[in-house]
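Student: Show me the folded form of this:
(one chain, ligands or ions: 1)
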Amino acid sequence: MVFDPTNNPTSQYYKDASDLELRNFYAAKASINTNFTIPSIPPTIPMVYDDTVARFGKNTAEMAISHFQGVIQSFFVGLVGAKRILEIGTFTGSSAICFASALKRNGVKGGPDANGNKPVICLDISEKFAQIARDNFKEAAVEDFIEIIVGDANESLASLKGQQFDVIFIDADKISYTAYYDAAIDNKMLAKGGLFIVDNTALKPAIQLIDCSVPLPEDKLPEDGRGDDYEAYKYLGRPIHEFNEYIRQDPRCEAIMLPIFTGVTLLRMLDNN
Ligand SMILES: C[S@@+](CC[C@H](N)C(=O)[O-])C[C@H]1O[C@@H](n2cnc3c(N)ncnc32)[C@H](O)[C@@H]1O
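Tutor: Residues are numbered from 1 along each chain as shown. So this is what the prediction gives:
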C-alpha cells in the first residue's frame, strides 16, 4: 500500500494497513511538518510524482524516492553540512530537487563554482528522463543548483575524477552498485566527513538471499521458493546482495542499513581512508 503523508488516511486505510504501514505513515506525518512547509522539501515534489505517473504509469513512477525519503535524505544533507552532492540515477528529478533544496538550507548558492561545476551533479543514462528532470528543476527553481551528465554512469564517474562530494547518492542500475562505490572510492570522490546514501539495498529479490553463508546460485532461484521472478533476482537481488556483502567486509568503511522504504544504506569512510 502506498501512503501519501500529505493526505489523511481513510478509515479503510486504518483497517487494511499493517502495523508497519501505520508506523511508516505516523513517522512520515511526524517528520514532515504541516504540508511541506519545511524549506527542504519544495512544494513541487508531489507534482513531479503526479507528472511522472501520468507519463510512465505508477509502476515506473515508483522508481522515484518518496516524499518522506526526500525529507530523511535532506536531514542527512544538513547533518553533514554538505556543499556538493553527486547523484547516480536521477530519473525525473525528485531526489535531486530535494538535495538541491537541502543545500540551499546549508547556505549553498546556485550557479557554477570557479571550476564551472554546479553544486549537484546528476548522472543518468537516459536523455528522455534527463530532459524531464531539467524541466522539473526549473519548476522547482533549482536549475542553478543542478547539472545532469547523460551517459552510462560508469563512464561519467571516470570523467569526474578529481572532484569531491559531501554526499554521494547511489540509485541507478543495481548491477553496477559495487562498481559505482569502487569508482568513487578509488577516485577519492567522497570528501572527508562525507556520506554515501545507497537506495534499494533491501529490495525483495535481495532479501531472498538472507542467509549470507549460502553461496549465490548462478542458475536457479533460491530454494525457499519465495522468489517468483528470476530476472529480478538475477539483475536486482544478486548484485544488491553482493554489494551489501562487499561493504560489510570492507575494512575502509562503516555502513548501516536502515530498514526503511526498500532499504537505505548509509556509509562513511573511516578516518584513515
Ligand atoms: C531508481 S531510478 C532513480 C530515481 C531517482 N533518484 C528519483 O528519486 O527520482 C534509476 C535511474 O537510473 C538510471 N540508470 C540506469 N542505468 C544507468 C546507468 N548505467 N548509468 C546511469 N544511469 C542509469 C535510469 O535511467 C533511471 O533514471
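Student: At the contact with the ligand, which residues of the chain appear?
Tutor: With the criterion set to Cβ under 6 Å from any ligand atom, the chain comes near the ligand through 63-65, 89-92, 94-95, 123-126, 129, 152-153, 171-173, 176. Bear in mind the C-beta positions are built from the backbone N, C-alpha and C, glycine included.
Student: Quick one: name whatever helix or strand follows the helix or strand of the chain with the lowest mean pLDDT.
Tutor: Using mean pLDDT, DSSP states H and E, the weakest-scoring helix or strand in the chain turns out to be helix 230-232, at a mean of 65. Remark: after helix 230-232, the chain's next helix or strand is helix 238-248, criterion DSSP states H and E.
Student: And the next helix or strand past that next one?
Tutor: strand 253-258.
Student: Partner strands of that next one and their direction?
Tutor: Partner strands for strand 253-258, per DSSP bridges, with pairing direction: strand 264-269 (antiparallel).
Student: Can you show me the helices along the stretch 1-150 of the chain?
Tutor: Using DSSP state H, counting those that start in this stretch, the helices of the stretch 1-150 of the chain run over 11-16, 19-31, 44-56, 58-61, 67-79, 94-105, 127-139.
Student: which stretches of the protein have low pLDDT?
Tutor: Residues of the chain that meet the criterion pLDDT under 70 lie in 1-11, 13, 32-41, 209-234, 272-273.
Student: Swap in 50 and give it another go.
Tutor: The chain contains residues with pLDDT under 50 at 1-3, 35, 39, 219-227.
Student: longest strand anywhere in it?
Tutor: The longest strand of the chain (DSSP state E) is strand 190-199.
Student: Give the pairing partners of that one; include direction for each.
Tutor: According to DSSP bridges, strand 190-199 forms sheet pairs with strand 165-170 (parallel), strand 264-269 (antiparallel).
Student: Tell me how far the first helix or strand past that strand going along the chain lies from the chain's centre.
Tutor: For strand 190-199, the succeeding helix or strand toward the C-terminus, using DSSP H and E, is helix 204-207. Mean-position distance between helix 204-207 and its chain equals 17 Å (Cα atoms, centre = their mean, to the nearest Å).
Student: Check which helices and strands helix 204-207 is in contact with.
Tutor: helix 238-248 (3 or more Cβ pairs under 8 Å, 6 or more residues apart in numbering; DSSP states H and E).
Student: Mind giving me the packing neighbours of the helix it packs on?
Tutor: helix 177-186, helix 204-207, strand 253-258, strand 264-269.
Student: Give me the residues contacting it.
Tutor: Helix 238-248 is contacted from outside by 174-178, 181, 198, 200-203, 205-206, 209, 212, 216, 253, 255, 257, 265, 267, using Cβ atoms under 8 Å, 6 or more residues apart in numbering.
Student: Tell me what angle it forms with strand 264-269.
Tutor: 40 degrees (axes from the mean of the first three to the mean of the last three Cα atoms, to 10 degrees).
Student: that older thread, give me whichever of the helices of the stretch 1-150 of the chain is most buried.
Tutor: helix 94-105 (a mean of 25; mean count of other Cβ atoms under 10 Å).
Student: How much space separates Ile146 from Asn187?
Tutor: According to Cβ to Cβ, to the nearest Å, Ile146 stands 21 Å off from Asn187.
Student: Tell me which of the strands paired with strand 190-199 is the most buried.
Tutor: Mean neighbour counts for these (mean count of other Cβ under 10 Å) peak at strand 165-170, with a mean of 25.
Student: what angle sits between that strand and helix 177-186?
Tutor: With the same axes, to 10 degrees applied, the angle from strand 165-170 to helix 177-186 works out at 170 degrees.
Student: Output strand 165-170 in PDB, but only the C-alpha positions, please.
Tutor: Extracted in PDB, the C-alpha atoms of strand 165-170 (Å, rounded to 0.1, in the frame of the first residue of the first chain):
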ATOM      1  CA  PHE A 165      31.300  15.500  -2.900                       C
ATOM      2  CA  ASP A 166      30.000  15.500   0.600                       C
ATOM      3  CA  VAL A 167      27.100  13.200  -0.300                       C
ATOM      4  CA  ILE A 168      27.100  10.500  -3.000                       C
ATOM      5  CA  PHE A 169      23.700   9.100  -3.600                       C
ATOM      6  CA  ILE A 170      23.700   5.700  -5.500                       C
END
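Student: follow-up on the earlier one: got a ChimeraX select line for the buried ones in the residues of the chain next to the ligand?
Tutor: A single ChimeraX command selects the buried members of those (16 or more other Cβ atoms under 10 Å):
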select :63,64,65,89,90,91,92,94,95,123,124,125,129,153,171,172,173,176
